[in-house]
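A.B. asks: got a structure for you, letters missing:
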Ligand code: MG
Ligand code: MG
């Protein structure tokens with residue numbers, strides 16, 4: 001069931017989104033060669049708590065996962081696409097790091113992700129990351145009253161395909177509210193003018209993940225959570241939680 005949000009609910013979602021944005025910015029500036037992923041996770045835990053929020057991902061346990069999610073952030077490096085568990089791995093010069101953060105305030109969630117270069121990275125990594133951010137911007141721009149979910153999917157997919165990148169099978173965006181993941185699903189591939197009509201008060205996370213080389217196949221690692229590309233190609237991931245309003249899309253996880 002798709003639940004439309006009131007203005008008061010959107011204000012609370014914006015507060016959760018603000019804490020997510022602040023946390024992402026701080027984690028991004030702390031991420032450099034030699035830093036361990038677990039240290040970034042600890043930083044995020046402190047920032048979310050000091051903002052009066054709670055982490056959305058920690059102990060999240062969907063039916064398909066063998067264990068509850070053990071981190072505050074999802075930190076996915078290079079060929080890891082999403083859901084990388086923060087552990088003892090040290091970031092290295094040239095890594096491409098995706099940081100995904102969720103937090104909730106008064107029961108309402110914010111969910112956002114960015115991809116950043118660690119130290120100096122090659123041009124191909126920057127191009128991949130830029131295209132993924134561009135796909136997100138196109139998806140957000142399509143999220144207008146009167147359009148449909150398929151218009152968002154098509155906008156995201158068009159940017160990815162035009163740049164020569166693949167999109168992972170079965171991974172995409174979702175509704176956001178009192179649950180971090182609720183209806184509707186927001187696929188990263190689709191056709192215009194199809195799917196749920198977008199109405200005022202719809203709150204969704206749009207989250208393109210783009211893969212170098214144009215592939216789409218992924219695999220789940222032995223930890224039960226990390227999803228990596230099947231062929232080792234690198235991936236990038238950007239995400240915002242947005243509200244569809246009469247005045248156009250409003251990004252709730254903007255800094
Ligand atoms: Mg996310
Ligand atoms: Mg999400």
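C.D. replies: Cool, got the structure. Bear in mind that the values here come from a model prediction, so they are computed numbers and not experimental data. Numbering: from 1, shown residues only. Ligands and ions are numbered 1, 2, ... in the order given.
A.B. asks: could you list the buried residues of the helix ranked longest in the chain?
C.D. replies: Identified as the longest helix of the chain according to DSSP state H is helix 7-30. Residues 9-10, 12-24, 27 are the ones in helix 7-30 that count as buried (16 or more other CB atoms under 10 Å). (C-beta placed from N, C-alpha, C; glycine too.)
A.B. asks: give me the pLDDT value at residue 216.
C.D. replies: Here, the pLDDT recorded for residue 216 equals 97.
A.B. asks: need the contact list for the residue nearest to it when sequence neighbours are not counted.
C.D. replies: Spatial nearest neighbour of residue 216, chain neighbours left out: residue 166 (4.6 Å); criterion: CB to CB, 6 or more residues apart in numbering. Neighbour list for residue 166: 160, 210, 211, 212, 213, 214, 215, 216, 233 [criterion: CB atoms under 8 Å, 6 or more residues apart in numbering].
A.B. asks: out of those residues, which one sits closest to residue 130?
C.D. replies: residue 210 (10.0 Å; CB to CB).
A.B. asks: wait, the closest one sits on residue 133?
C.D. replies: No. Between residue 210 and residue 133 there is no contact under CB atoms under 8 Å: 9.6 Å.
A.B. asks: who's more crowded, these two?
C.D. replies: Per other CB atoms under 10 Å, whichever of residue 210 and residue 133 has more neighbours is residue 210, with 32 against 17.
A.B. asks: before we move on, the earlier item: does ligand 1 have contacts with the helix or strand just after the longest helix of the chain?
C.D. replies: Counting by DSSP states H and E, the next helix or strand C-terminal to helix 7-30 is helix 37-50. No. On the criterion CB under 5 Å from the ion, helix 37-50 is out of touch with ligand 1, staying 12.7 Å away.
A.B. asks: what packs against helix 37-50?
C.D. replies: When contacts are defined as 3 or more CB pairs under 8 Å, 6 or more residues apart in numbering; DSSP states H and E, helix 37-50 sits against helix 7-30, strand 54-55, strand 73-77, strand 96-105.
A.B. asks: residue 239 bridge partners, please.
C.D. replies: Legend: beta-bridge partners of residue 239 under DSSP bridges are residue 113.
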